[in-house]
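Novice: Output the structure for:
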Amino acid sequence: MDLRVLAAGLVAALFACACTETTQTTQTTQTAPAAPLEGQPYVLKDTQVWTVPDPVSGRDYEVFVSLPASYEAEPQRRYPVLYVTDADYSFPILRQITRRVNLDGPVLEDFILVGLSYAKGEGGAASRSRDYTPVPCNPESRCELTHGGGVAYQAYLKSEVLPFIEGRFRADPEARVLLGHSYGGLLGAQILFTDPAMFRAYVLGSPSFWFGQRHIMKMEADYAQAHTDLPAEVFMYIGAFETPGPTARHATRYDMVGDMAAMEQVLKSRAYPNLTVRSTVLADEDHLTVAPAGFTRALLAVLPAKP
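Specialist: Sure, this is the predicted structure:
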């Protein structure tokens, strides 16, 4: 036999053995796909979380984003944006209310929802007490927490959050809405009386106008002294039990219902040509239960579907 033929045959045989061995090894090392894990955390589908740092304070904040269903289908369209404080609880509630209210047809205008969360590494009480209040603490509130950082937080919203949202999403800068509840409503009033053009509309829910010995009323008076107009839409809501009364659901210290009525009265008395003010007192609601109903009324008031 020709040695060259014999050598070629041996090489072919060795190659075949090697291939077979490799295939067998590969087959034996493959594992079946892992079964889906149960008990995972619930995640809101079709939402986004972005970190927007504050270069001044060095804190990192998260913003939660939910885009309307029409966002991908209408690439040329720009949308109103609803910014909401205390996003950890308010963002999922508002998102689901919006979806449910529109089940039988458009009742609310399509909008981008942006949740303003707390500083990373901080609890909600510490973050909101500092960021949502205009002046340092008085004995009337929890003085073990830092207060009075509202001006700095307002500057962060204007210089970092608004440009971030409007640079990444098709947001209409002329159609910004701010919704805040409790201290968040106080923050909204602070912005209203210092830089009203930041937002087109302001929802002040169960606002803590009592804070700082009603310091917000001084801010309103200071604004009125220097201006002849306040171009904004203001909607306020509060629970009927948010005033001192005989039941356990009534407030124990502050007449927040009376404070809201006083704010509405003074704003209307200014006769600003481009200000609209509306309010509602929701029956059978207290400071802790009023948010879902108040959110619904607010959405219908400031973001109704266009005819």
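Novice: Can you name the residues in contact with stretch 180-187?
Specialist: Judged by CB atoms under 8 Å, 6 or more residues apart in numbering, the contacts made with stretch 180-187 from elsewhere in the structure are 84-86, 90, 128-129, 131-134, 150, 153-154, 188, 203-209, 211, 216, 236, 287, 291, 294. Backbone N, C-alpha and C define where each C-beta goes, glycine included.
Novice: Which of those residues fall within strands?
Specialist: Counting by DSSP state E, the contacts of stretch 180-187 place 84, 203-205, 236 in strands.
Novice: Buried by neighbour count, from those: which ones?
Specialist: For the ones in strands among the contacts of stretch 180-187, burial is judged from neighbour counts taken by 16 or more other CB atoms under 10 Å, and it is met by 84, 203-205, 236.
Novice: how about the residue positioned nearest the centre of the chain, phi and psi?
Specialist: The geometric centre of the chain, computed from its C-alpha atoms, lies nearest to residue 115 (CA atoms, centre = their mean), at 1.7 Å. Reported as degrees, to the nearest 10, the phi and psi values for residue 115 are phi -90, psi 130.
Novice: Now do the contacts for it.
Specialist: Applying CB under 8 Å, 6+ apart, we find residue 115 in contact with 63-65, 84, 87-88, 90-91.
Novice: try 10 Å this time
Specialist: Residues in contact with residue 115, defined by CB atoms under 10 Å, 6 or more residues apart in numbering, are 47, 49, 62-66, 82-92, 94-95.
Novice: what bridges to it?
Specialist: Bridge pairing for residue 115 (DSSP bridges) gives the partners residue 64, residue 84.
Novice: and the closest residue to residue 53 other than its chain neighbours, what is it in contact with?
Specialist: Spatial nearest neighbour of residue 53, excluding adjacent residues (CB to CB, 6 or more residues apart in numbering): residue 60 at 5.0 Å. The contact partners of residue 60, by CB under 10 Å, 6+ apart, come to 51-54, 119-121.
Novice: Identify, from those, the entry nearest to residue 261.
Specialist: Each of those was checked against residue 261 using CB to CB; the closest is residue 119, at 33.8 Å.
Novice: Around the residue lying closest to that closest one once chain neighbours are set aside, count how many other residues there are.
Specialist: Spatial nearest neighbour of residue 119, excluding adjacent residues (CB to CB, 6+ apart): residue 59 at 4.3 Å. Other residues near residue 59 come to 18 when the count uses other CB atoms under 10 Å.
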